[in-house]
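Visitor: structure here, sequence nowhere to be found:
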């Protein structure tokens, strides 16, 4: 059989899956999560490596919005003033603690350091005799900011004893791009499209949550401490050793017990976006490679008692990088088809119109919703469509790098560079709470974590 015919049939099936997935996600209603002013105790874990540009503002944000929570910063052998800044805050605020990672055990990946930090947390004297099911760990990147509605939504979600984890709605803060010319324009398009993408992901999360399990997407993920203790007690790592450890961790939750639930929180978790196209390609290559590494989960997922929605959606996510190979082959074959007159699947003209118009209508739908949410001008709609090819080109460039790294087993952890924003002058918060010292340590940690972009 003509291989081009098979490629085109596979492409049509992928198009159909994409259209259905996007349409169903767009139709899901906005979640109305339970909220509670009292309930589980929160401990924030902040992976940090060379985060002096942002860490002070993040600590200030947490102490003002969630003053009752503990904050533990995991310094991953930073070469800058990150540790010194955190120590300054911890000296006057007993709710802030510094965990030190040292070379050569430092600066490898986020999952290993989180596993290490949770193991240290379990040794904290203030947890002795506590009901661990009433404690929740919140993972926040060093540039993360939470809003005042985040903690009440976390407490509300964890009132359900089956909820083992929850995920906030990760979004990107607006930033003033200082570069001019083409470089500056590309940076503006990248940051615009990154926030638009997370807006879309938030709606896809609504579809996932309808099956009882939202995905964990990084910044603002929450886990019940009793679950983490259970995993460590069984010799398992809550965050598996893959480059997409957040998705790997939700897979571990699903496979541990089909009753486990992962709640979706509509509260925004704001973070910095990537402005440099090369850095963006490296970041997305890591994400794609991490998804490739999750392929072994597939068999266990379908043998589990997870809901059909969870199994179908997570299968689609895991297989997406592999299915993208079909897209790459199809694009690469177009020139050869023209040169040699090769033909694949012959489609009527009306089908070609549909294949062109439907993706544009899907993107326009998201752009209109995004514009309404952000209160942007109507000029944002053509801007969204014009900047989409730039964003798509960057994503496409990341795929060969991801496949190459995966085949060569080059598990390179890419960490983006933070930039200084217009933030308040750092002033340590002085807590009136009693001083329970969290474990400051630098003794023989396992392999490390760096902050996860």
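Guide: Yes, it's here. All values reported here derive from a predicted model rather than from experimental measurement.

Visitor: correct me if wrong: residue 253 contacts residue 166.
Guide: No: the pair residue 253 and residue 166 does not pass the contact test of Cβ atoms under 8 Å, sitting 10.9 Å apart. Placement of C-beta: from N, CA and C, glycine included.

Visitor: please enumerate the shared neighbours of those two.
Guide: Counting by Cβ atoms under 8 Å, 6 or more residues apart in numbering, the contacts common to residue 253 and residue 166 are residue 262.

Visitor: if you count what's nearby, which of these two comes out ahead?
Guide: residue 166 (28 against 20; other Cβ atoms under 10 Å).

Visitor: what's near enough to touch that one?
Guide: 153-154, 157-158, 214, 221-222, 262-265.

Visitor: now, which of these sits nearest residue 420?
Guide: residue 221 (25.9 Å; Cβ to Cβ).

Visitor: what's the spacing between the closest one and residue 234?
Guide: Counting by Cβ to Cβ, to the nearest Å, the gap from residue 221 to residue 234 is 21 Å.

Visitor: now, the contacts of residue 166 that are in strands?
Guide: 221-222, 262-265 (DSSP state E).

Visitor: out of the residues you listed, which one sits closest to residue 123?
Guide: Looking across the ones in strands among the contacts of residue 166 and measuring by Cβ to Cβ, the closest to residue 123 is residue 222, at 21.0 Å.

Visitor: so the residue nearest to that closest one when sequence neighbours are not counted bridges to which residues?
Guide: Distances taken as Cβ to Cβ, 6 or more residues apart in numbering put residue 166 closest to residue 222, at 4.4 Å, once the chain neighbours are dropped. Residue 166 has these beta-bridge partners by DSSP bridges: residue 222, residue 263.

Visitor: buried members of the ones in strands among the contacts of residue 166 into ChimeraX, please.
Guide: With 16 or more other Cβ atoms under 10 Å as the criterion, this ChimeraX line picks the buried residues out of the ones in strands among the contacts of residue 166:
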select :221,222,262,263,264,265
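
Visitor: need the ones in strands among the contacts of residue 166 in CSV with distance to residue 198 and pLDDT, can you?
Guide: Shown next, in CSV, are the ones in strands among the contacts of residue 166 (distance: Cβ to Cβ, whole Å; pLDDT from 0 to 100):
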residue, distance to residue 198, pLDDT
221, 14, 97
222, 18, 97
262, 18, 97
263, 18, 97
264, 13, 97
265, 14, 97
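
Visitor: just send the ones in strands among the contacts of residue 166 back as JSON lines, with distance to residue 344 too.
Guide: Shown next, in JSON lines, are the ones in strands among the contacts of residue 166 (distance: Cβ to Cβ, whole Å):
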{"residue": "221", "distance to residue 344": "43"}
{"residue": "222", "distance to residue 344": "47"}
{"residue": "262", "distance to residue 344": "41"}
{"residue": "263", "distance to residue 344": "45"}
{"residue": "264", "distance to residue 344": "41"}
{"residue": "265", "distance to residue 344": "45"}
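
Visitor: next SSE after the helix or strand of the chain with the lowest mean pLDDT?
Guide: Here the helix or strand of the chain ranked lowest by mean pLDDT, DSSP states H and E is helix 308-340, holding a mean of 86. Downstream of helix 308-340, the first helix or strand assigned by DSSP states H and E is helix 349-374.

Visitor: run the chain-centre distance for that following helix.
Guide: Relative to its parent chain, helix 349-374 has a centroid offset of 25 Å by Cα atoms, centre = their mean, to the nearest Å.

Visitor: buried ones in it?
Guide: By 16+ other Cβ under 10 Å, the buried positions in helix 349-374 come out as 358, 362-363, 366-367, 370-371.

Visitor: equivalent analysis for stretch 308-325, please.
Guide: 309-314, 317-319, 321, 324.

Visitor: repeat that for stretch 143-158.
Guide: The neighbour-count check on stretch 143-158 (16+ other Cβ under 10 Å) flags 143-146, 149-158 as buried.

Visitor: can you check stretch 66-79 too?
Guide: In terms of neighbour count (16+ other Cβ under 10 Å), stretch 66-79 has its buried residues at 66, 69-78.

Visitor: which secondary structure elements does the least confident helix or strand of the chain contact?
Guide: helix 3-27, helix 181-209, helix 245-256, helix 277-293, helix 297-303, helix 380-407 (3 or more Cβ pairs under 8 Å, 6 or more residues apart in numbering; DSSP states H and E).

Visitor: return the angle between stretch directions for the second one and helix 3-27.
Guide: Put simply, helix 181-209 runs at 70 degrees to helix 3-27, going by axes from the mean of the first three to the mean of the last three Cα atoms, to 10 degrees.

Visitor: what's helix 181-209 packed up against?
Guide: helix 3-27, strand 163-172, strand 261-271, helix 277-293, helix 308-340, helix 349-374, helix 380-407.
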